[in-house]
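Trainee: This is the structure alone, sequence omitted:
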């Protein structure tokens, strides 16, 4: 393994995972009946009665992408037509199956790779692993990502959903993995970093100005992807 330096970027958010059961379960209503009587229609609550994010699922697997993010990825996949999708952070594996199924429906020949340091939470059944691969690796140990080298076809969509050592991973990907036109997407965290570490965030992003640009069609399409959709501009090497 190469001894990649981690001196360039501090980890802006050492995100340790959701700390909950990755198995999807249908929402439970505890403060109201599910079947509301129509003679009291006007009194019916207007909120959901449960956390909406936990209900998102794909074929019974938890899917941690809200509808706006799903729509944005749909459009990006149709336009970009990737040969490989790598998602850092597997959790239940719902996103991997969703990406695989969506590209299949689009007629895109695509392989999906999930990378996580703890694959024990993955709920994908063996029967659903066609065109899906799992790699055990730790984003805080960049050498463990080397197994991706030579294992991806381009165009490549790389999605950071692990939220650990993100900018060092992005630098590694730019130097070793991304070809011109490939995408690196940061989910969820840009708004939080911009709120709590704005100076460092701007400094880190500016350091990539010669090799990455932000795709303004998709960077503004969803709060989960807010200002976090980047495209490799300069040729590799």
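Mentor: It's in. Keep in mind that this is a model prediction, so the values were computed, not measured.
Trainee: Which is the succeeding secondary structure element to the host helix or strand of residue 112?
Mentor: Per DSSP states H and E, residue 112 falls inside strand 111-116. Toward the C-terminal end, the helix or strand that comes next after strand 111-116 (DSSP H and E) is strand 132-136.
Trainee: helices or strands next to the helix or strand bottoming out on mean pLDDT in the chain in the packing?
Mentor: The helix or strand with the lowest mean pLDDT-type score in the chain, counting by mean pLDDT, DSSP states H and E, is helix 190-196 (a mean of 88). In terms of contacts (3 or more C-beta pairs under 8 Å, 6 or more residues apart in numbering; DSSP states H and E), helix 190-196 is packed against helix 198-206. Any C-beta I mention is one placed from the backbone N, CA and C, and that applies to glycine too.
Trainee: Pull up the pairing partners for the very next helix or strand once past the helix it packs on, direction included.
Mentor: Beyond helix 198-206 on the C-terminal side, the first helix or strand identified by DSSP H and E is strand 212-214. Sheet pairing for strand 212-214, assigned by DSSP bridges, gives strand 229-232 (antiparallel).
Trainee: Could you pull up the mean pLDDT of the strand it pairs with?
Mentor: For strand 229-232, mean pLDDT rounds to 96.
Trainee: Show me how far that strand is from its chain's centre.
Mentor: Relative to the centre of its chain, strand 229-232 is centred 14 Å away, using C-alpha atoms, centre = their mean, to the nearest Å.
Trainee: Neighbours of residue 101, how many?
Mentor: 15 (other C-beta atoms under 10 Å).
Trainee: What separation do you get for it and residue 193?
Mentor: Taking C-beta to C-beta, to the nearest Å as the measure, residue 101 and residue 193 are separated by 31 Å.
Trainee: if we can go back for a sec, for the least confident helix or strand of the chain, which positions count as buried?
Mentor: Neighbour-count burial for helix 190-196, counted by 16 or more other C-beta atoms under 10 Å, picks out 190, 193.
Trainee: Residue 114 - nearest residue in space that isn't next to it in sequence?
Mentor: Once flanking residues are discounted, residue 114 sits nearest to residue 90: 4.1 Å by C-beta to C-beta, 6 or more residues apart in numbering.
Trainee: Model confidence at the one you found, what's the number?
Mentor: At residue 90, the pLDDT value in this model is 94.
Trainee: returning to what we had before: what helices and strands are in contact with the strand holding residue 112?
Mentor: strand 84-88, helix 94-105, strand 132-136.
Trainee: what's the angle from it to strand 132-136?
Mentor: Going by axes from the mean of the first three to the mean of the last three C-alpha atoms, to 10 degrees, strand 111-116 is angled at 30 degrees with respect to strand 132-136.
Trainee: Partner strands of strand 111-116 and their direction?
Mentor: In its sheet, and by DSSP bridges, strand 111-116 pairs with strand 84-88 (parallel), strand 132-136 (parallel).
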